[in-house]
Every structure is written in structure tokens, then in C-alpha cells.
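**Q** When you get a sec, could you give me coordinates for this:
(2 chains)
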Amino acid sequence: MAVQAIVQENWRAILARIFSRDVADVHQEIVLFKIGEGGSLAGVPITPDATFNDIQSEGTPLAGGGTVGFTGGSTAVVGTGTTFLADVSPGDWIKPGPVASINFGSAGNPGTEVDEWGEVLTVNSDLSITLNANYIGATLAGRPCHKASAPLFTFRKTLVGGDVLFDSAVPAVVEITTIVAAGEANLDQLGGNPQFYELALFDNLGVMVCYVTFDLQTKSGAVQLNTIIQLVF
Amino acid sequence: MFEDLPEIDRTLDKTAEGGGRLEKFSEAAQPLFEEMLLKAINFGDLRDPDKVRTQFQGKFTVTPLSAAAAPGGRTIEVFFSDPDPSDPLVPLGETSVGWIFLDAEGSEFTVNSVHKLDDRGPVLELSGTTLPSTEAELGVGLADATLRPPGLISLLGADYGLSVDTHEPEAFQRSGIRNVSQWLTLKGTVKSYDILGKIAGYRAVPLGLWGLGDPVPANVPSDHLFELPIGSGSFYTDLDPSRAFFDEVGADIIPLDMYCYETPNWVTDVIEPPTLGTVPDGTTVEAAIGSTMQGLTIVSTVDLGGDRWRVRVTGDLSPVVGIDYWWAEFAGEPGDTFYMETLPVEVVPGDWEFEVFGSSPTFGLTVNINYECHIEINCSYCRASVIRVEVTPVEVLSDPDALLDGVLTRLVQKILQVVPIHVRLTDIVHLVGPVQATLDIKALVTSSPSVLVAAPVGYYFDVVPADELELDPDHMVASATQFTVP
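**A** Predicted structure coming up:
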């Protein structure tokens, strides 16, 4: 099985600063992983990119920026400062992104991500979109708008004791075991089994530590998916 | 001291009119004289690199209350609380002109004058026009500053033309001066770089570079090819232009138009000579030349007198057609080089004899016959006045007290002291690692839900011009293994 991984640029800088003993403000811990349906191109996993700051299944922020308001149970999406006409097309899927983070390299505050996507029916103006069905998520405003070609499913899980092990031998290795248990992450938004291609680790500031892609893993209740990642220094 | 005064003065002092004032004055001045005496006795310490004062001695902590521009605005006055107004040594101690005042935020000031019994409390007058941080600014308990006498080791260093690096730990500063005689006369030699590197906590190895003509020979491996400075179009390599000679190696044994460091693809390349057999991939030309003559059985050794020995071996020594650069390595003395003194002669089919010099060498049971290539300079491959220095930190740099700020820059400054005037140091390679896991790892990895992944860094391999030192963490890699259950 082809599995590729890379250490993110933002985390390399952290390591370099620790090496130079600039430890005063470096105290990051690996606390979370995300596994998602993004990270593939026509069914082929993409090569991991050290510049990513979030997993691909969270969608990409709109190029034109701005914030959006989603209303639960309504098809109307309202933009503020957005350029929907240039950024969004009918058939795209959109959702509110996470709350912006003040931490450098973080795509958003951990825990503020939204799972529910809405499919775009019409783009009425730069500030208005109509979804083809009522939005199934909660009412939210003031969030950046994220876009994807499909309602990509993301599963997030906090790492627990023993998941992150450190070996100080040379070369030093941090080994992170991520387990998606049999009972977890078996249903995506469209009601099917999630089709996973990617996985990423995050630290306590929400900065992505490492990005992994792999061949298609269809998750169902009969499968426990284990991925062991080694960061070698 | 009082007893040393003339008797007439002592007698007068003891009268009711004298009142003993002279005696009291003498006693009061006695500690000052004792201190002067001690300094005179210890005058030799100023010449002793192990004892002369550095910036780490004699310092103590003081608490500045507030600071203000002194009248005239050219200096600063710093005020202190005075818990014992009757004792002039509290709180400024022996602080004197020329001492260094280091405030809580790390700024250094030179003491211009000291007023220990001023009406406003103890006052220091500092040179400068910016105010040091004080409790009035930072809050009570947050502005502790340090006072220390000026370090004298830099004055001692100046006597030898050295500039002492005050960023270094005390031991390095002292050893830098104490060991100057070890390298001052060795300037420009490999040994001098080694000593200077060790003084700075590094292992430093200089490599002379070869200038390459235009076009650059295509067979120089890219990891040994340096453009210095980058973008200049001037290329150098650290590989000797060494080649095998027709006169010494049988011409059908090996292609002789290749550099000895080259590692062609022996398996598929058409140049593989039929007599050589299969040579493993990655073997250099030099290693391949002797590859058929390794581990030959020694049949006999004969002492010819005068430290000359005749050795008979079983094998095929026909590749040896000239003796200058062929040498034998006997199993009994691994690592030692015995150059051939005579051309090997096949005395009976399969048995060859040659002679070596040696004082009762231990031959052992087998011998390796090896070839050493010549350095062959030509127009596109000549000695350059450019060196490349590889530096590796030694254990002492993992000392938590070591001041690592700009450590590489300072190392370069040190090394430049031994670079001869006609040589340019254009390239420095920082090899870090394996660094011990002592940086900030702590053992937070046991049962906590997550761990501090503070890196004990592995290998840094950094090739940058000496004036652009930086750290490049590209060695960090991630790998992943995935499996499913069931």
C-alpha cells in the first residue's frame, strides 16, 4: 500500500528554533489528527505538500475572501465582502470554515470546524447564494467560506495517552499511532461509507504537523483503520 | 597601621586633645590598604589566563528603583533603596568607575561615577542616553540588575593579538588564551584549524579546493561540486584529480582515462574490462584496480637483512606493472602501508614474489595489494587558494550554559585567525549531529495524553557561504505505515 508523508514547513521552523534553544515560546504538542476524503485526484492520492496548513477535505477558503452567513433550515447564504460570482459555481459545495486563528500557520481554531456542506444551486450575486436544499447545519455567521467539489467528510480525533511515543535514540523518532476504530467515522454526509485518502496531525495551536496520503481506504463498521506515522529528526 | 606611625604622633594622638582620632582613622583605612596589598601580591593573576577576571566574576545583583537623565542630559542617574544608610558598602558594594551595569532586559551600561552616600540615596551615574529598566518601569521585583567589574581577560588577550569572544563560556575564554601558543605558529595548517575549532567547541576540518575550468568536467559528482560564491560561475571541487598511470597498472585491467574517485556502473557499462570480473556497483576506480588482489594467501616471507623482506603470495599480480604507487597491507598489521620495493615476479605459476621494507613486520596469513592514484593537475583542474571548512559541534556545545547566539558566526571569526592571507575561506559546512537529546526534551512522553515533541534534532547538512550561515531543517522526514483490522 502506497503511503506518503511529509513534515509541514511550519513545523520544521518550530524544530529548528528548538534546536537553537529558542525555547521561550515554543511549547507545541501533537494532540489531534484528522482523516478525510480529500487528498486525491481522480482516485489517485496526491503527493503530500509541506505547504498545506489543513487537511484537503476541509475545503479551500474562497480566493476572494470575505465572510459568510449560513442559516440552518434555509437555502439562502449571505456573503460579506465576498466575490461569489468569481469564486463559486453552481454545483460546488460550500460550508462555513473554522474561526480564524491568531497562531501563525494555523488554518483555524481547533474545535470550531463545521462538518455540514451545502450544494450551490445558483450564485445570485457577489453577496448571495442559493443552495439547492435547506442547509442542514447550525446557523453561523462571520465565518470564512470553504469550497469543495463534493461534500468531503472529515473525521477528527484527539490523541490519547500512548498514541504519541518519543524515542530519543539517534536518529530521534516521534511515533504517532492514529486509530479510527470500527465504530467510528462510518457515515459521510451523503450516507455512504467514507472514502479516505488523507490524514494529518495537528498541534495544540492548530498548526498542521504532518500530512499523509494513501490509497483509497473505504471505512465501514467492519474495519478499524490504523496509521502509524514516524517523524524522524 | 597605627603602629607604623612615628612615636611622637602616636603619643600626641593618645592625649586628651588628640582623642585617638588618628588611630581610628588608621583602623578605618586598614581594609583598603589590605586590599591593595592583596592585589599587589596577586598581580601575577592578571597574566594568568586561568585566574584573570572574566565577565563572570565578582558580579552581584542590585535592585534599581528608578532612573533619570542626569543634570546636563549626557549621562543617566540610577537610584537604589538604601536599607543600611550607615554602611557605604550597601547596596552598591565595591562598585567603582568602569564597572558594568546590566539591566533586567540585558542592556549594558558603563558606570561613570558612584555616589554611595548621596542625599538621595545610593546613586550610580551611567554613560549613555537611554534609561535602563527599573522597578519604576517594570514593577516591584521585576527589575533586578547585575553589577560586575569589567572583565580583564580581553586585555590579556590583546597582548597576544587576540580578541576574546565574550559570548563564550568562561572555560572557552580562558582556554582560548592559554592555548594560543598551540596554534599561533601553526597558522594555515590543518592542525591549527583543529585547535581553533576545539577552542570554540567544534571539530573543524579544512579542505583545500581545486579550481575547475570552463566547462566543468562532467564527471565531478554534483555533491562535490561547489560554485563559490554562488552565482559567480567559478566552480570548485574537493576531489583530487587523481588518476591511474599506464606505467603502473596493466592497461587491460582498468580504463585509465577516468578519475580515481569515479564510480561507474560496472555491471552494465561497456568499459568493464573482461579480466576484472564483476565489481560491485559504487566501487571507485581506485578500489577496483586492486579488487582482484585482496586477501591473497602469504606462502612465505624471507628476511633479506637490512629490514628488507621478500614476500611470496598466491594469486595473480599481473596488474602490477610499475611499483611506485602499489602497496601491500598485511593482515598482521592492518592499516599500515608497505610500498612495493620490487616489481612482483611470478616465480612459479600462481606464486608471485615481491619485496617490502619493514622493521620486523607482523605479516599474518594474507595480504591486500592496493593501488594509490596520482594527483594529475591540468588546465581545467588546478589547485585553488580556496578552502572549505567542515565543522561539527562537540559534546560541550550541549552544555546548557553555552551561549549559542551566533555561535557559527563567531566560530568563523575564530577560524579566520589562522587562514593565511592568500587563502579565501569561502565555504563552511555545518554538520550537526548526532546531537544528544538534551535540548528541551524532558521526559514528558510517558502516560500524558500528548507529548512535548521538542526535537533533539538529527543531522543538519548545510552548505552555505560563510557569511550567510543559517539552519536548514530539510533533513526532517516523515514516514507512515497503514493497516486495517481485520
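
**Q** longest single strand anywhere in chain B?
**A** When every strand of chain B is counted residue by residue (DSSP state E), the longest turns out to be strand B:381-393.

**Q** whoops, chain A was the one
**A** Assigned via DSSP E, chain A shows its longest strand as strand A:208-218.

**Q** now the angle between strand A:208-218 and whatever helix or strand comes next after that strand, please.
**A** On the C-terminal side of strand A:208-218, the nearest following helix or strand under DSSP states H and E is strand A:224-232. With axes from the mean of the first three to the mean of the last three Cα atoms, to 10 degrees defining the directions, strand A:224-232 sits at 150 degrees from strand A:208-218.

**Q** circling back to that earlier point, which other helices and strands contact whichever helix or strand comes after the longest strand of chain B?
**A** Per DSSP H and E, strand B:381-393 leads on to helix B:407-415 as the next helix or strand towards the C-terminus. Under the contact definition 3 or more Cβ pairs under 8 Å, 6 or more residues apart in numbering or on different chains; DSSP states H and E, helix B:407-415 sits against helix B:190-199, strand B:202-212, strand B:381-393, strand B:424-432. For the C-beta atoms, the positions are set from N, CA and C on the backbone; glycine is no exception.

**Q** Give me the pLDDT for the residue in the stretch 51-200 of chain B that chain A sits nearest to.
**A** Of the stretch 51-200 of chain B, the residue with the smallest distance to chain A, taken as Cβ to the nearest Cβ, is B:Gly106 at 13.2 Å. As summarised for this prediction, B:Gly106 has a pLDDT of 82.

**Q** show me where the chain has helices.
**A** Went with chain A since none was named. Per DSSP state H, chain A carries helices over the ranges A:9-19, A:84-87.

**Q** that's the other chain; I wanted chain B
**A** B:7-13, B:21-41, B:135-138, B:153-159, B:170-178, B:180-184, B:190-199, B:285-289, B:407-415.

**Q** Format those as JSON lines; extra columns: mean pLDDT and distance to B:Gly208.
**A** Compiled in JSON lines, these are given as follows (pLDDT from 0 to 100; distance: least, Cβ to Cβ, whole Å):
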{"stretch": "helix B:7-13", "mean pLDDT": "91", "distance to B:Gly208": "76"}
{"stretch": "helix B:21-41", "mean pLDDT": "89", "distance to B:Gly208": "50"}
{"stretch": "helix B:135-138", "mean pLDDT": "89", "distance to B:Gly208": "54"}
{"stretch": "helix B:153-159", "mean pLDDT": "90", "distance to B:Gly208": "29"}
{"stretch": "helix B:170-178", "mean pLDDT": "85", "distance to B:Gly208": "26"}
{"stretch": "helix B:180-184", "mean pLDDT": "81", "distance to B:Gly208": "18"}
{"stretch": "helix B:190-199", "mean pLDDT": "83", "distance to B:Gly208": "9"}
{"stretch": "helix B:285-289", "mean pLDDT": "82", "distance to B:Gly208": "19"}
{"stretch": "helix B:407-415", "mean pLDDT": "73", "distance to B:Gly208": "14"}
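
**Q** I'd like the ones you listed laid out as a markdown table, including mean neighbour count.
**A** As requested, these are exported to a markdown table (neighbours: other Cβ atoms under 10 Å in any protein chain shown):
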| stretch | mean neighbour count |
| --- | --- |
| helix B:7-13 | 12 |
| helix B:21-41 | 11 |
| helix B:135-138 | 17 |
| helix B:153-159 | 16 |
| helix B:170-178 | 19 |
| helix B:180-184 | 16 |
| helix B:190-199 | 20 |
| helix B:285-289 | 23 |
| helix B:407-415 | 19 |
